[in-house]
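Peer 1: Sequence below, structure please.
(3 chains)
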Amino acid sequence: MRIRFGYVAMALGIPEGSPNKTVTASTLNKLADPFDRFSKLTRLVKENLSTQIRVLYYNLAHDIKVFRFTSKLVPLATHSITSGWNYSEEFQHELAEIGTLIKKAGIRVSAHPDHFAILNSKDANVLEATLSDLCYHVNLFDAMGLGIEAKLVLHVGGVYQDKLQALLRFKSEFSKLPSRIKDRIIIENDDRSYNANEVLSLCEDLKVPMVLDVHHHSCCNDGTALTDILPAIFATWGSMIPKIHISSPKGTKNVRAHADYINVDEFIGFLDIAKQYNQDFDVMIEAKQKDLALFSLMKDLRNVQGVTIINQGAIEY
DNA sequence: TCGTGTCAAGATCTT
DNA sequence: AAGATCTTGACACGA
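Peer 2: Purely as a prediction, here's the structure:
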């Protein structure tokens, strides 16, 4: 089976490789002239977008075809201080350039609204903020000219001590989403609330792909072995190539936090499970050292029996 | 320039 | 009811 690797948001292997530059609302508020606020924001977005393009070229130079965007390309995009700002139109040229590059190079991209985006929150304000955040991400994908293959990863969350009700609320809110959002959502098992089994059932119900996070599964599970559910998880992707997330625990005391690099033995453990299903898949590396962790894992994989290195960002196993 | 605090976000645990 | 905690990378600011 063929496995491709990707990393999240920023490149540590090149200078100025972070498209995460931002500003706080309070700093903007201190600028008396609205024009100054506007130009400060505009400068930051332009910088982030040009960094993003540079990072994509860097990825291509290293055969990395899987990438997750930062959610901060447009600082404060969903903050009330920028309400009415048509960033998609203002940066249409730059965003289109990014999209063209992605399509031409065949890069698989996604985004992951952070865990404050809660589709099934009981709080109407939180729900509104969540919808606005999802809309923001989709606005960027649309402006890039990317279709529904550009996915948005969500967690379930919104438990309030009642997981069953929370799941019902999730399904109900999901069904109300506009298709431009709904068609892009994929759901991931998390590290404390919803395990892989529960998310699998939800994904089967909603007919959306499931992202298996192998590390989260080891933090939060009901005793189900991956061997038993992996084929069903892969099946939620239909004809698409499944994607999984991997990371390693930071330490024995803090098992949920992400370590700098990926432990190759843990990953091989997963590969050995996956191998029996002979399904190609993509792997998102969630390690603090980002691209450097990817390179490090690839280096470690060179010494593993059964691994064939296809290029700097893919293996055959 | 360095270190500490703050910012964004929401749920949940503690006081 | 209010505050601390969790999480993340980067800004903001005082020393």
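Peer 1: tell me the phi and psi of residue A:274?
Peer 2: phi -70, psi -30 (degrees, to the nearest 10).
Peer 1: Residue A:8 versus that one, what's the distance?
Peer 2: 21 Å (Cβ to Cβ, to the nearest Å). No exception for glycine: its C-beta is placed from N, CA and C like everyone else's.
Peer 1: can you list the residues of the stretch 1-150 of chain A near DNA strand C?
Peer 2: A:9, A:10, A:18, A:20, A:21, A:22, A:23, A:24, A:26, A:27, A:30, A:114 (Cβ under 7 Å from any atom of the strand).
Peer 1: Could you measure from residue A:204 over to DNA strand C?
Peer 2: Using Cβ to the nearest atom of the strand, to the nearest Å, we find residue A:204 at a distance of 28 Å from DNA strand C.
Peer 1: next one: residue A:303
Peer 2: 28 Å.
Peer 1: Could you do residue A:201 as well?
Peer 2: 26 Å.
Peer 1: Give me every residue in chain A lying close to DNA strand B.
Peer 2: A:24-27, A:76, A:78-79, A:114, A:116, A:118, A:121-123, A:125-126, A:129-130, A:157-161, A:193.
Peer 1: Is there a quick PyMOL command that grabs whichever of those are buried?
Peer 2: To isolate the buried ones among those in PyMOL, judged by 16 or more other Cβ atoms under 10 Å, type:
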select buried, chain A and resi 76+78+118+121+126+129+130+157+158+159+193
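Peer 1: In terms of helices and strands, where is residue A:27?
Peer 2: For residue A:27, the host element (DSSP states H and E) is helix A:25-30.
Peer 1: what's the single longest helix in chain A?
Peer 2: Longest helix of chain A, by residue count under DSSP state H: helix A:34-61.
Peer 1: Beyond that helix, next helix or strand please.
Peer 2: strand A:66-69.
Peer 1: Not counting its neighbours along the chain, what's nearest residue A:49?
Peer 2: Using Cβ to Cβ, 6 or more residues apart in numbering and skipping residues adjacent in sequence, the residue nearest residue A:49 is residue A:94, 4.2 Å away.
Peer 1: Report the inter-axis angle for the helix or strand hosting residue A:129 versus helix A:34-61.
Peer 2: Here residue A:129, judged by DSSP H and E, is contained in helix A:124-144. Interaxial angle of helix A:124-144 relative to helix A:34-61 (axes from the mean of the first three to the mean of the last three Cα atoms, to 10 degrees): 60 degrees.
Peer 1: Quick one: mean pLDDT for helix A:124-144?
Peer 2: In this model, helix A:124-144 carries a mean pLDDT of 95.
Peer 1: Need the residues that contact that helix.
Peer 2: Residues from elsewhere that reach helix A:124-144, judged by Cβ atoms under 8 Å, 6 or more residues apart in numbering: A:69, A:71, A:73-74, A:77-78, A:87-89, A:91-92, A:95-96, A:98-99, A:102, A:111, A:113, A:116-119, A:121, A:150, A:152, A:173, A:177, A:180-181, A:184.
Peer 1: again with stretch A:252-271
Peer 2: With Cβ under 8 Å, 6+ apart as the criterion, stretch A:252-271 contacts A:3, A:191-192, A:214-215, A:218-219, A:226, A:244, A:246-251, A:285-289, A:292-293, A:296-297, A:300-301, A:304, A:317.
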